[in-house]
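1. fold the following and give me the result.
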Amino acid sequence: MKPEELKAACLAFKGAEETFPFGPETSVFKVGGKMFAISALDGEPPLRVSLKCDPELAVRLRAEYPAITGGWHLNKRHWNTVVLDGSVPRRLVDEMIEDSYDLIVAQLPRRQRLALDWPGECRPEAQ
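-> I've put the predicted structure just below:
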């Protein structure tokens with residue numbers, strides 16, 4: 001996965017934005033003001049991305065893929081860092097990005113979830 005592909009994958013979700021709170025070298029992708037992905041897109045190869053993850057799944061992924069480790073400078077219980085060197089299937093990386101986004105959106109206030117038309121939030125039926 002190339003930096004521009006990673007950026008596009010992170011920004012493909014409604015309400016996602018790229019910010020630079022840690023300086024111009026680190027892209028932080030947020031939804032509702034909360035981060036769901038962090039990467040130095042212009043950093044030295046190989047490209048890496050840190051993603052929020054369900055704790056049980058995080059442990060299983062780390063056991064299966066050497067390129068997935070506990071989140072660098074993050075809570076390792078809830079974050080994984082993925083080295084995008086081709087050893088982790090692209091489809092899995094895309095699913096991990098979506099899962100990270102979903103974990104964050106699920107924690108947002110209902111009004112924000114509704115504004116995002118998030119599939120996990122049901123709108124009340126019109127009467």
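
2. all contacts plus neighbour counts: C-alpha atoms, from now on.
-> Fine.

3. what's in contact with the helix or strand hosting F36?
-> According to DSSP states H and E, F36 maps onto strand 34-39. Residues outside strand 34-39 that contact it (C-alpha atoms under 8 Å, 6 or more residues apart in numbering) are 10, 26-30, 47-52, 97, 100-101, 104.

4. of the residues you listed, which belong to strands?
-> 27-30, 48-52 (DSSP state E).

5. let me know the closest of these to P66.
-> Nearest to P66 out of the ones in strands among the contacts of strand 34-39 is R48 (C-alpha to C-alpha; 13.1 Å).

6. what's across from that closest one in the sheet?
-> Counting by DSSP bridges, R48 is bridged to V83.

7. measure it to T26 for me?
-> Using C-alpha to C-alpha, to the nearest Å, R48 is found at 11 Å from T26.

8. can you report how many residues lie near the closest residue in space to V49 that isn't next to it in sequence?
-> Nearest-residue entry for V49: S39, 4.7 Å, with adjacent residues in sequence omitted and distances by C-alpha to C-alpha, 6 or more residues apart in numbering. The tally of other residues near S39 (other C-alpha atoms under 10 Å) stands at 21.

9. in the ones in strands among the contacts of strand 34-39, find the pair that's most separated.
-> Largest separation among the ones in strands among the contacts of strand 34-39 by C-alpha to C-alpha: K30 and R48, giving 16.9 Å.

10. neighbours of the residue nearest to M1 when sequence neighbours are not counted, how many?
-> Spatially, and ignoring its direct neighbours in sequence, M1 is nearest to L84 (6.1 Å; C-alpha to C-alpha, 6+ apart). Per other C-alpha under 10 Å, the neighbour tally for L84 reads 21.

11. how about L84, phi and psi?
-> Dihedral pair for L84: phi -90, psi 70, per degrees, to the nearest 10.

12. ok so, going back, could you give the angle of the strand holding F36 to strand 48-52?
-> Put simply, strand 34-39 runs at 160 degrees to strand 48-52, going by axes from the mean of the first three to the mean of the last three C-alpha atoms, to 10 degrees.

13. in this protein, what helix or strand scores lowest on average pLDDT?
-> The weakest-scoring helix or strand in the chain, judged by mean pLDDT, DSSP states H and E, is helix 110-115 (a mean of 89).
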